[in-house]
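# need coordinates for the following:
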Amino acid sequence: MSRQMQPTFVLVHGAFANSFSFAPLQAELGLLGHRSVAVDLPGHGFAATYPHAYQAPQDPEGLATTPGSIKGVTLADNAAHLIGILERAKRNGPVILVSHSRGGVTATAAANARPDLIDRLVYVSAWCPVDLSVGDYYAEPEMATVDPASLALAMAGNPAELGLLRVNFRTADPAALAAFRAAFLADGTDDEFRTFLNTFQPDENLDVGTAADRAQAATWGRIPRTYVRLADDRSLPLALQDRLIREGDALTPDNPYDVRTLAGSHLKWLTDPAPAARILGDLAGLPTAAE
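Okay, the predicted model is just below:
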């Protein structure tokens, strides 16, 4: 395959995460001969706020009140930023857009706006709202095993006052750590769990979109797409992943998901990335929107 025809994997992180999450996966992709770009959405990566109060010894009062750079960032901002990266990547050939968790909301918004820039969409246990808005799915039976209040065990400050969500991932509270472990990486070692937790940033924006940001058949629906199910995910349960797949297939029955499955929790595919890299490598050989 010529370099011009070689796809570029564009990787979009989830909530409280950043491009650093993808370093092991990018290494595996590189060793398989694939090129990739890991995105930092606005207010993430080196644009994130790490208050001095977040350092040890922590200052709870300061952590609860220090402003954060992600305040005011919207889903539209995230989508516009991603579209700019997709435009640059597309100059070099096909683009495979890979999103994880909340990153799927941004990927879906970008696909609604600019399907011409994406040759294949890949959701890895990621949100792709179709029938409902993201917040409304939490009231559905498929999410009954998820406690959205678990982050509140380590919440810092008032989101309404800060204009953002702030979570103290450096907490030593056993209950909070147990909740994080159960939700994100129950199948990892203690060291893997704490290492990944230390890649998280404390702040996340509040905007997960509205009904207008759901998948749209005329644009999003014409892009070939793959859903990689994470079989042991407790943060985005398998039942909800399967519902999103069904809803997407019902929206565009002539363009259904190509469905793959990986064992493991919400983050295991990133701490043990070789199986995921092999799946993505396989997808690089599949027909794309341009073919």
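# got a list of what residue 196 touches?
When contacts are counted by C-beta atoms under 8 Å, 6 or more residues apart in numbering, residue 196 touches 21, 184-185, 188, 267, 270-271. Quick note: C-beta positions are derived from backbone N, CA and C, even for glycine.
# now the two most distant members of those residues.
21 and 188 (13.6 Å; C-beta to C-beta).
# quick revisit: the contacts of residue 196 in helices, which ones?
Within those, residues falling in helices by DSSP state H are 184, 270-271.
# of those - the most surrounded one?
Using other C-beta atoms under 10 Å as the neighbour test, those are led by residue 270, with 24 neighbours.
# what's the nearest residue to that residue if we skip its chain neighbours?
The spatially closest residue to residue 270, leaving aside those adjacent along the chain, is residue 21, at 5.7 Å (C-beta to C-beta, 6 or more residues apart in numbering).
# and for residue 261?
Counting by C-beta to C-beta, 6+ apart, the residue nearest residue 261 is residue 229, at 4.5 Å.
# the one you found contacts residue 263, doesn't it?
No. Applying C-beta atoms under 8 Å as the test, residue 229 and residue 263 come out as separate, 9.9 Å apart.
# circling back to that earlier point, looking at the ones in helices among the contacts of residue 196, which is nearest residue 123?
Nearest member of the ones in helices among the contacts of residue 196 to residue 123, counting by C-beta to C-beta, is residue 270, at 14.8 Å.
# let me know the pLDDT of the closest one.
Listed pLDDT for residue 270 reads 98.
# before we move on, what about residue 181?
In this prediction, residue 181 carries a pLDDT score of 95.
# counting neighbours, what do you get for it?
For residue 181, using other C-beta under 10 Å, the count is 18.
# all strands for the stretch 151-291 of the chain, in order.
Listed in chain order, the strands of the stretch 151-291 of the chain (DSSP state E, counting those that start in this stretch) span 165-166, 203-204, 225-230, 258-262.
# paired strands for the longest one, with orientation please.
Pairing partners of strand 225-230, with direction, according to DSSP bridges: strand 120-126 (parallel), strand 258-262 (parallel).
# do the same with the second one
Note on strand 203-204: by DSSP bridges, its sheet partners are strand 165-166 (antiparallel).
# contacts for the strand it pairs with?
By C-beta under 8 Å, 6+ apart, strand 165-166 touches 63-64, 68, 151, 155-157, 159, 202-206.
# kindly report the same for stretch 212-223.
75, 105, 108-109, 111-113, 115, 118-121, 128-133, 248, 251-252, 255, 289.
# out of the ones in helices among the contacts of residue 196, which comes closest to residue 26?
residue 270 (10.5 Å).
# can you give me the strands in the stretch 1-150 of the chain?
For the stretch 1-150 of the chain, the strands defined by DSSP E, counting those that start in this stretch cover 8-12, 35-38, 95-101, 120-126.
# identify the residues contacting the shortest one?
For strand 35-38, contacts defined as C-beta under 8 Å, 6+ apart pick out 6, 8-11, 13, 19-23, 25-26, 29-30, 85, 89.
# distance to residue 55 added to the contacts of residue 196, as TSV?
TSV is the format used below for those (distance: C-beta to C-beta, whole Å):
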residue	distance to residue 55
21	22
184	23
185	24
188	25
267	24
270	25
271	25
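# ok, so of the residues you listed, who is nearest residue 143?
residue 184 (15.9 Å).
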